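**Student:** would you be able to build a 3D model of this:
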Amino acid sequence: MCGRARCTLRADDIPRACHRTGAPVRSVNMDRYRPSYNVAPGANLSVVRRDDGSGGDGVVLHCMKWGLVPSFTKKTEKPDFFKMFNARSESISEKASFRRLLPKNRCLVAVEGFYEWKKDGSKKQPFYIHFKDGRALLFAALYDCWENAEGEKLYTFTILTTSSSSTLQWLHDRMPVILGDKGSMDTWLNGSSSSEFNALLKPYEGPDLVWYPVTPAIGKLSFDGPECIKEIKIWTEEKNTISKFFSTKGVKKEEDAITEDKSLFHKSVNTNLPNLKEEPKTEDNEGSPSSAEKKDNDSKSSVSLLTDEVARKPAFLKVLKEEPRAEDEKISSPTEKKDDNSKSDVPMLIVEAAVKCQSKRDYVNFLADEKPAKDGIDTGKSPAKKKGNLKGNDDKQPTLFSYFGKR
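**Tutor:** Numbering: from 1, shown residues only. Below is the predicted model:
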């Protein structure tokens, strides 16, 4: 269907667009004509019809209301221009409203383009359809005259529609009957055979009919002006939106990949780090290292051997954890147990310090420095008992003080 059109043609350009240049042209009510970019049913449009009173090829440039009001409509009834602004060409010879008009009430409607809406769910996008070279479109139409109660005559017309062309089926299933050449216009205005008319009422398949999307504001009757036919880039905007969506996901995927690579890198580093508790490799499994590698391996081997020796000989740890006690000591106070627990950590600190040493010589020096402290830490006796042992002449057991006295 065709419910909106653009007609900004000047009055004197309309007969020329209909190829009526050599025939006399008579104007009727052309003072009512108002060019507009947004013409809707009920508006005044100029049509070209045959002038029966001229007796020749003369035509009438007549300004009429768009939207057919049949002549048999009650005079007191308010005209509804939206009721029959289109007529299906397949049924004009059957319906009484159009059948009686077909012999003598045919006319041409000249517009520069028309609008059609594409439905997309609950949304509708309008498109402007026109000829590529900018020439006017000529629609086949029928007109009638109705007289109201006051005796005023009102001329109205309806535009014939047909099935949509192969190139416009995606947009709508109907389109106006477009007469593309002078011969078809002459036949529609001056023909007399219904068979000739039926040959004209078919879809226009010319490649010069083009279209593009326009603003949805065209749906408002008050919206008018050059903005009505300004092309908008709806597909580009949708494409940009989609590309932004996928690009955002792509960035997230890249960030996830980078994070995963970092985690794998840390895992590989942790896996490849040498384990101090592993047994040293034999000469059969190792290549011949260079002199620099041997120097580094010598400093690392002492720590590795010590740790391995500790791991393979639990008794060694047990010996380090145990403190020498006097034979006559059997019972210790809670205070002494607390001191023992804090002092038992000393051997473990020695092992940890040994691991951190850089060479075997440092570790040996470290043990030499710690031995006096180890010997003088505690013998498991309280100060009171030690003092008592010094006063007892009968106790022949050597004490820590006698040991240092001899030295």
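
**Student:** residue ranges with poor pLDDT in the stretch 151-300 of the chain?
**Tutor:** By pLDDT under 70, the low-scoring segments of the stretch 151-300 of the chain are 235-300.

**Student:** for it, what spans make up the helices?
**Tutor:** Ranges of helices within the stretch 151-300 of the chain are 182-190, 194-200, 234-272, 291-312, based on DSSP state H, counting those that start in this stretch.

**Student:** contacting residues for Gly206?
**Tutor:** Gly180 (C-beta atoms under 8 Å, 6 or more residues apart in numbering). Where C-beta positions appear, they are placed from N, C-alpha and C, glycine not excepted.

**Student:** thought Leu68 was touching Phe157?
**Tutor:** Yes. Using C-beta atoms under 8 Å, Leu68 is in contact with Phe157, at 6.3 Å.

**Student:** what is in contact with these two at once?
**Tutor:** In contact with both Leu68 and Phe157: 142-144, using C-beta under 8 Å, 6+ apart.

**Student:** quick one: which of those residues is nearest Ala199?
**Tutor:** Of all these, Leu142 has the smallest distance to Ala199: 17.1 Å, by C-beta to C-beta.

**Student:** surely that closest one forms part of a strand?
**Tutor:** Yes. According to DSSP: H, G, I helix; E, B strand; the rest coil, Leu142 belongs to a strand.

**Student:** distance of the closest residue to it other than its chain neighbours from Ser89?
**Tutor:** Leaving aside its chain neighbours, Leu142 sits nearest to Leu101 (4.4 Å; criterion: C-beta to C-beta, 6 or more residues apart in numbering). Separation of Leu101 from Ser89 (C-beta to C-beta, to the nearest Å): 13 Å.

**Student:** can I get the CA coordinates of stretch 17-26 in PDB?
**Tutor:** C-alpha atoms of stretch 17-26 as PDB (Å, rounded to 0.1, in the frame of the first residue of the first chain):
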ATOM      1  CA  ALA A  17       6.100  14.900 -16.100                       C
ATOM      2  CA  CYS A  18       3.000  13.200 -17.500                       C
ATOM      3  CA  HIS A  19       4.200  13.900 -21.100                       C
ATOM      4  CA  ARG A  20       1.300  16.200 -21.800                       C
ATOM      5  CA  THR A  21       3.400  19.100 -23.300                       C
ATOM      6  CA  GLY A  22       1.800  19.300 -26.700                       C
ATOM      7  CA  ALA A  23      -1.800  19.200 -25.500                       C
ATOM      8  CA  PRO A  24      -3.800  22.100 -24.000                       C
ATOM      9  CA  VAL A  25      -3.900  22.000 -20.200                       C
ATOM     10  CA  ARG A  26      -6.700  23.400 -18.100                       C
END
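
**Student:** residues in contact with it?
**Tutor:** 9, 15, 48, 51, 54, 56-61, 108, 110, 135-136, 138, 182, 185-186.

**Student:** helices - which of the residues you listed land there?
**Tutor:** With DSSP state H as the criterion, helices contain 15, 182, 185-186 from among these.

**Student:** save the residues you listed as JSON lines, and put in distance to Ser166 and neighbour count too.
**Tutor:** Listed next are the ones in helices among the contacts of stretch 17-26 as JSON lines, based on distance: C-beta to C-beta, whole Å; neighbours: other C-beta atoms under 10 Å:
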{"residue": "Pro15", "distance to Ser166": "32", "neighbour count": "21"}
{"residue": "Lys182", "distance to Ser166": "25", "neighbour count": "12"}
{"residue": "Met185", "distance to Ser166": "23", "neighbour count": "20"}
{"residue": "Asp186", "distance to Ser166": "27", "neighbour count": "15"}
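
**Student:** perfect, I'm done here.
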